[in-house]
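Student: sharing a model prediction with you, sequence too.
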Number of protein chains: 2
Amino acid sequence: MQVSLQALKAFESAARRGSFKLAAEELSLTPTAISHHISNLESRLNVDLFYRQARRITLTEAGAKLAKATSDGFRMIESALEEMRMAGKVVRVASTSSLAALVLIPAQHEFSQNHPELSMEITTGEALESQSYLMPVRLGDSRAVAPSDIIRAESFDVFGAHSMKPPVWSTEPVTIFTTKWKNRALPEPPLDAWLAANGLDTSNIVLKTFDQELFGIQQAMAGNGFVFCSTTLTQGLLKADLLQQFGTQPVASDLCYYVPNKHSYDTRNAHALLCWLDNVLNQ
Amino acid sequence: MQVSLQALKAFESAARRGSFKLAAEELSLTPTAISHHISNLESRLNVDLFYRQARRITLTEAGAKLAKATSDGFRMIESALEEMRMAGKVVRVASTSSLAALVLIPAQHEFSQNHPELSMEITTGEALESQSYLMPVRLGDSRAVAPSDIIRAESFDVFGAHSMKPPVWSTEPVTIFTTKWKNRALPEPPLDAWLAANGLDTSNIVLKTFDQELFGIQQAMAGNGFVFCSTTLTQGLLKADLLQQFGTQPVASDLCYYVPNKHSYDTRNAHALLCWLDNVLNQ
DNA sequence: TGATAAGATGAGTCAAACTCATCTATTTTT
DNA sequence: AAAAATAGATGAGTTTGACTCATCTTATCA
């Protein structure tokens, strides 16, 4: 290249700030360096870029043209760089509130310890999935999802607070919280299959539903009944002795957690994130 | 700047060419330098830009994004630089065909000798005046033009070929070529004033008109008559003894040559061009 | 009129950028 | 199947151009 890019950067800054001194401050250089760069530029291009009016400078017509182009060009490059730097130092994962609150957030610090240079953001709700460098973890129908995208197939069981006595299914009414997804395309929690597998029926059972598993789990933890929910969400609570199981038989479901187009996340950080997710969801 | 612009240039080229080797050739470097630059970039941004597949490389998703931005950005800057380089090494002047043919073109070599680093283009006709770095020299009405824009006020006289005998105004008919501008806004050549100043009238004079002074002058040089035209156009021909005057009295006119917004041409080269024009038109 | 401030200029310094030598992994040739 | 060729990675050594310092010029301000 016949003119140096650093000289152009110096020029761009000087043109924008209207002063060699300010440009020097911006670029952490001396005004002398800016002056050298610009006279170098001017002699190589054989064009005056600034009028020198002793204590101040003004762009010539040619200078103004070049300033526009360099400003636009460098801004374009700089903003892409900024995006790269972001991509290099933050990883972002979006999921359902239940998974976030019960599984991801409690495990967040572990990720930070293994990857101190990265900061992790966990978001729930109406996340714009088109955002760059955001990995969505969704709940879906394992029969409809590409098998390679699946992180964890769900099974379901009944859980209760640590203080609860095991339910007596035959005599008194048992309150069970379960979930009815707002999204009707999702398979329902396999309550019937679970009852069959455990030799039970719906008599003596009072069903209450929420649209998120989190709420039923919270009710169960508060001792207000039992919850029929996914084993993924409860594994941490079981380990922390906040919930218990009662020797019942868990049943598989068609539900699964998956990352759409999992294979397409090809960056270093996305890989670390996927490893962590796999770790966290599969015990 | 935390990442060097040269590294970005190396990356841009490698991304575009799809090979470190080709990028190295393009930038007159060794493939090693490209490799260093790119791994430097990758470690600073903490993002992989290429997949390394042993003997070839492919852009990662992040790499592709950066490549687009750097390509666009550098292209933008590069094209402005190209324009600057042009502005630095060619000067362009547009004028009427008469002035170009009789005055500017004959003096062109003198400019080249004084400014060997510049190449001069002289264009006539329907030049797009909005083109960059083109200086138009126009014929106008000195009463309607900003005085500071005027290069030369026109005066008129009668000229004939060197071989011609002086016209005998009283006896035989004298053929005089003169000009009727296509542009009716221009003042007419001051023939009546000239006749009055020289004590003549139109009897015994056969007037023939063209729409450009050049043609009348060519007729006169061919010995087909005399020409009533501007002294600016003929000064070179007089000096070369291709035309002669006959002791008549020249008369001033309202016509002038001028450069619109002369003061706005502020580049080094435009200044050299204006000096030359002034020199050439004013003897 | 002296003080300050912004930039120009020239010489010297230092680190970033480049090359060279060597190595690895893959593809092509014989 | 071995040998040659090719593309890139890696580390150490070298060079050059980008930067600073000292000094000078010119204009503005008190």
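Tutor: Cool, the structure landed. Numbers count the residues shown, from 1 in each chain, chains lettered A, B, ... in the order given.

Student: C-alpha only now, for contacts and for neighbours.
Tutor: Fine.

Student: and the lengthiest strand in chain A, which strands flank it?
Tutor: Of all the elements of type strand in chain A, the one with the most residues (DSSP state E) is strand A:150-161. If you go by DSSP bridges, strand A:150-161 pairs up with strand A:226-230 (antiparallel), strand A:243-244 (antiparallel), strand A:251-258 (antiparallel).

Student: next, format the ones you listed as JSON lines and append mean pLDDT.
Tutor: As requested, the strands paired with strand A:150-161 are exported to JSON lines (pLDDT from 0 to 100):
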{"stretch": "strand A:226-230", "mean pLDDT": "96"}
{"stretch": "strand A:243-244", "mean pLDDT": "94"}
{"stretch": "strand A:251-258", "mean pLDDT": "96"}
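
Student: nearest to DNA strand D, of these?
Tutor: Proximity to DNA strand D (Cα to the nearest atom of the strand) singles out strand A:251-258 among the strands paired with strand A:150-161, at 32.7 Å.

Student: now check the helix or strand following the closest one, is it near chain B?
Tutor: Once the chain leaves strand A:251-258, the next helix or strand it forms, by DSSP states H and E, is helix A:268-281. Yes - Helix A:268-281 is in contact with chain B by Cα under 8 Å from any Cα of the partner chain, via A:R268.

Student: export helix A:268-281 as PDB, just CAs?
Tutor: This file holds the C-alpha atoms of helix A:268-281, laid out as PDB (Å, rounded to 0.1, in the frame of the first residue of the first chain):
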ATOM      1  CA  ARG A 268     -15.100 -21.100  20.400                       C
ATOM      2  CA  ASN A 269     -17.400 -19.500  22.900                       C
ATOM      3  CA  ALA A 270     -20.500 -21.100  21.600                       C
ATOM      4  CA  HIS A 271     -18.800 -24.400  21.900                       C
ATOM      5  CA  ALA A 272     -17.900 -23.700  25.600                       C
ATOM      6  CA  LEU A 273     -21.500 -22.700  26.100                       C
ATOM      7  CA  LEU A 274     -22.800 -25.900  24.600                       C
ATOM      8  CA  CYS A 275     -20.400 -28.000  26.700                       C
ATOM      9  CA  TRP A 276     -21.700 -26.300  29.800                       C
ATOM     10  CA  LEU A 277     -25.300 -26.700  28.800                       C
ATOM     11  CA  ASP A 278     -24.800 -30.400  28.100                       C
ATOM     12  CA  ASN A 279     -23.100 -30.700  31.500                       C
ATOM     13  CA  VAL A 280     -25.700 -28.800  33.400                       C
ATOM     14  CA  LEU A 281     -28.700 -30.500  31.900                       C
END
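
Student: what's the helix or strand for the residue in chain A that chain B sits nearest to?
Tutor: Scanning chain A for the residue nearest chain B gives A:G73, at 3.9 Å (criterion: Cα to the nearest Cα). Using DSSP H and E, A:G73 falls within helix A:61-89.

Student: which strands and helices sit next to whichever helix or strand comes after that helix?
Tutor: Proceeding N to C from helix A:61-89, the next assigned helix or strand is strand A:90-95, under DSSP H and E. With contacts defined as 3 or more Cα pairs under 8 Å, 6 or more residues apart in numbering or on different chains; DSSP states H and E, the packing partners of strand A:90-95 are strand A:119-124, strand A:134-136, helix A:268-281.

Student: quick check: angle from the longest strand of chain A to helix A:268-281?
Tutor: 40 degrees (axes from the mean of the first three to the mean of the last three Cα atoms, to 10 degrees).

Student: for strand A:150-161, the distance to its chain's centre please.
Tutor: How far strand A:150-161 lies from its chain's middle: 23 Å, per Cα atoms, centre = their mean, to the nearest Å.

Student: again, but for stretch A:238-257
Tutor: The chain centre lies 26 Å from the centre of stretch A:238-257; the measure is Cα atoms, centre = their mean.

Student: burial of A:G63, as a residue count?
Tutor: 22 (other Cα atoms under 10 Å in any protein chain shown).

Student: from B:M120, how far out is the spatially closest residue to it that is not a sequence neighbour?
Tutor: In space, and not counting its chain neighbours, A:G63 is closest to A:L49: 4.0 Å by Cα to Cα, 6 or more residues apart in numbering or on different chains. Separation of A:L49 from B:M120 (Cα to Cα, to the nearest Å) stands at 21 Å.
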